[in-house]
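Undergrad: Sequence and predicted structure below; questions after.
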Amino acid sequence: MYVAHLTLHDFRSYATADVALDPGVTAFVGRNGQGKTNLVEAIDYLSRLSSHRVATDTPLVRAGSEQAVVRAAVVKDGRTAVLEIEINPGKANRARVNKSVLPRARDLVGLVRTVVFSPEDLALVKGDPSERRRFLDDLLVLRTPRLAGLRADYERVLKQRNSLLKSMLAARRGRRDDEFAASTLVVWDEQLAQHGAELLAARVALVDDLRPYVGKAYEAVARGASREDAELDYRATVPLEADLAGSFLATLAERRKEELDRALTLVGPHRDDLVLTLAPAGSTGEKLPVKGYASHGESWSFALALRLAAYDLLRADGDDPILVLDDVFAELDTERRAQLADLVSGAEQVLVTAAVPDDIPAALSGARFVVAGGEVTRDG
């Protein structure tokens, strides 16, 4: 799979951009702030309908414009499809495939698959649990696009339930009984447990699938490491029993008073974490949490291993995702640069951004574009 052509309208800093691409390695080189990352961000957005840089769509639309458009010709197994997304902050986005409007924008998810390496990846190991949950859910949806709907349903129910808990707390403070709210809470409990159990089961299965790839990738990028050194486990807020929905409901009942007191849903996938542990260099084999114990270099190696594992898992599913290396080499030492370049150089398409040509390892030679002053120009 590769992108053969990218067109942008009012996306980020670009009023318009039109770039023809080839399989293999393509590098976008330019000083910071010139727009090179915007190009690869647009391709990644087509894959997941979210950005690896910002949490909302508003910054993706060029200042003064109401809408941005990203269009890409994607080649898979010799066949070309034109994918398009209209980004409309505050309103529904619209998606098209070969000019035909899709019923829902999220139906576009997974038609092109990307794996992005970026400086922000360090947050996967050093950041909040939300970073790791997002990593899992993005990978889940790329593998099984229908889960985008499940995730949206869960978030909708969670929002409604939290709103109800807040209204119940306000009623209690006003010394009012709200029997209708209490009965409504039971309904939301059942829906939360239903959607949450399905999402939880999918995440746990994904972690099981991902685990051997993480160990293999860590061994490849960390000097002197073995594949047994790196480990990941899923920490759930409900017991992982055969009847997950029942376990979910039982845990909600146990924590009912606490939830009512805090007006917040404390049980479910939105409170879970992906636990990363590592046997540090020179240790006796005891595994410690990466966050708080690993060195900066070990943390980077683990973050790279997570992305490489995601890439290898998608390839094992029968697809060859587009690899995006967004300013990542500037963050790595010479050894890790070379190791990462060697590991990804065989991908069908690799898109690299760098501030200076010297940041790009020799193993990733290929087409090159210069990005400056809002212009994207092929070099040579």
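TA: Alright, I've got the coordinates. Residues are numbered from 1 along each chain as shown.
Undergrad: what residues are up against residue 202?
TA: Residues near residue 202 by Cβ atoms under 8 Å, 6 or more residues apart in numbering: 140, 144, 147, 150. All C-beta spots, glycine's among them, are computed from the backbone N, C-alpha and C.
Undergrad: ok, the second one - contacts?
TA: Residue 144 makes contact with 110, 202, according to Cβ under 8 Å, 6+ apart.
Undergrad: now swap in the third one and tell me
TA: Contacts here follow Cβ under 8 Å, 6+ apart; on that basis residue 147 touches 137, 140-141, 199, 202.
Undergrad: Now, the contacts of residue 202 that are in helices?
TA: Among the contacts of residue 202, DSSP state H puts 140, 147, 150 in helices.
Undergrad: For my notes, please list those in TSV and give distance to residue 103 and pLDDT for each entry.
TA: Below are the ones in helices among the contacts of residue 202 laid out as TSV (distance: Cβ to Cβ, whole Å; pLDDT from 0 to 100):
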residue	distance to residue 103	pLDDT
140	21	95
147	17	94
150	17	95
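Undergrad: Nearest to residue 297 among these?
TA: residue 140 (29.3 Å; Cβ to Cβ).
Undergrad: Pull the contacting residues for the closest one.
TA: Applying Cβ under 8 Å, 6+ apart, we find residue 140 in contact with 147, 151, 202-203, 206.
Undergrad: With distance to residue 49 added, can I get those in TSV?
TA: Converted to TSV, these look like this (distance: Cβ to Cβ, whole Å):
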residue	distance to residue 49
147	13
151	11
202	18
203	19
206	19
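Undergrad: Please enumerate the strands of the stretch 1-150 of the chain.
TA: 2-11, 14-20, 24-29, 68-76, 79-87, 94-97, 100-101, 114-117 (DSSP state E, counting those that start in this stretch).
Undergrad: which of the ones you listed is buried the deepest?
TA: strand 114-117 (a mean of 25; mean count of other Cβ atoms under 10 Å).
Undergrad: so which of the contacts of residue 147 comes closest to residue 302?
TA: Using Cβ to Cβ, the contacts of residue 147 come closest to residue 302 at residue 137, 19.3 Å.
Undergrad: ok, that closest one to residue 202 distance?
TA: Going from residue 137 to residue 202 by Cβ to Cβ, to the nearest Å gives 9 Å.
Undergrad: Show residues contacting stretch 286-296.
TA: 125-126, 229, 231, 275-281, 298-299, 302.
Undergrad: show me what contacts the closest residue to residue 317 other than its chain neighbours?
TA: Closest residue in space to residue 317, ignoring its immediate chain neighbours: residue 143 at 6.1 Å, by Cβ to Cβ, 6 or more residues apart in numbering. Going by Cβ under 8 Å, 6+ apart, residue 143 touches 110, 206, 313-314, 317.
Undergrad: Near residue 91, how many other residues are there?
TA: For residue 91, the count of nearby residues is 11 (other Cβ atoms under 10 Å).
Undergrad: Phi first, then psi, for it.
TA: Note on residue 91: its backbone torsions stand at phi -130, psi 180 [degrees, to the nearest 10].
Undergrad: all helices of the stretch 51-200 of the chain, in order?
TA: Assigned by DSSP state H, counting those that start in this stretch, the helices in the stretch 51-200 of the chain fall at 123-126, 129-143, 147-173, 179-221.
Undergrad: CSV please, covering those and showing distance to residue 328.
TA: Listed next are the helices of the stretch 51-200 of the chain as CSV, based on distance: least, Cβ to Cβ, whole Å:
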stretch, distance to residue 328
helix 123-126, 13
helix 129-143, 16
helix 147-173, 27
helix 179-221, 12
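Undergrad: looking at those helices, which is closest to residue 261?
TA: helix 147-173 (7.5 Å).
Undergrad: Could you work out the end-to-end span of stretch 226-236 for me?
TA: For stretch 226-236, the first-to-last residue distance is 27 Å (Cα to Cα, to the nearest Å).
Undergrad: go on, stretch 93-110?
TA: For stretch 93-110, the first-to-last residue distance is 16 Å (Cα to Cα).
Undergrad: so how far is it from its chain's centroid?
TA: Centroid separation for stretch 93-110 versus its chain: 20 Å, with Cα atoms, centre = their mean, to the nearest Å.
Undergrad: Repeat that for stretch 223-234.
TA: Worked out by Cα atoms, centre = their mean, stretch 223-234 lies 22 Å from the chain centre.
Undergrad: who's in contact with that stretch?
TA: 203-204, 207, 210-212, 214-216, 218-219, 222, 272-279, 281, 287, 301-302, 305, 335.
Undergrad: and what of stretch 123-137?
TA: Counting by Cβ under 8 Å, 6+ apart, 147, 151, 203, 206-207, 269-274, 276, 290-291, 294, 299, 302-303, 306, 310 sit against stretch 123-137.
Undergrad: before we move on, back to that, name only those of the contacts of residue 143 that count as buried.
TA: For these, a burial check counting by 16 or more other Cβ atoms under 10 Å picks out 110, 206, 313-314.
Undergrad: What backbone torsions are found at residue 332?
TA: The phi/psi pair for residue 332 (degrees, to the nearest 10) is phi -110, psi 150.
Undergrad: Show the contacting residues for it.
TA: Residue 332 sits next to 300, 340 when contact means Cβ under 8 Å, 6+ apart.
Undergrad: Then residue 310?
TA: The neighbours of residue 310, taking Cβ under 8 Å, 6+ apart as the test, are 115, 135, 139, 210, 213.
Undergrad: May I ask which two of those are separated the most?
TA: 135 and 213 (13.5 Å).
Undergrad: so residue 253, which of the three states?
TA: helix (DSSP: H, G, I helix; E, B strand; the rest coil).
Undergrad: pLDDT value on the residue nearest to residue 317, please?
TA: Looking at residue 143, its pLDDT reads 93.
Undergrad: From residue 321, how far out is it?
TA: According to Cβ to Cβ, residue 143 stands 11 Å off from residue 321.
Undergrad: cool, residue 242 as well?
TA: For residue 242, the distance to residue 321 - Cβ to Cβ - is 34 Å.
Undergrad: now do residue 203
TA: From residue 203 across to residue 321, the span is 20 Å (Cβ to Cβ).
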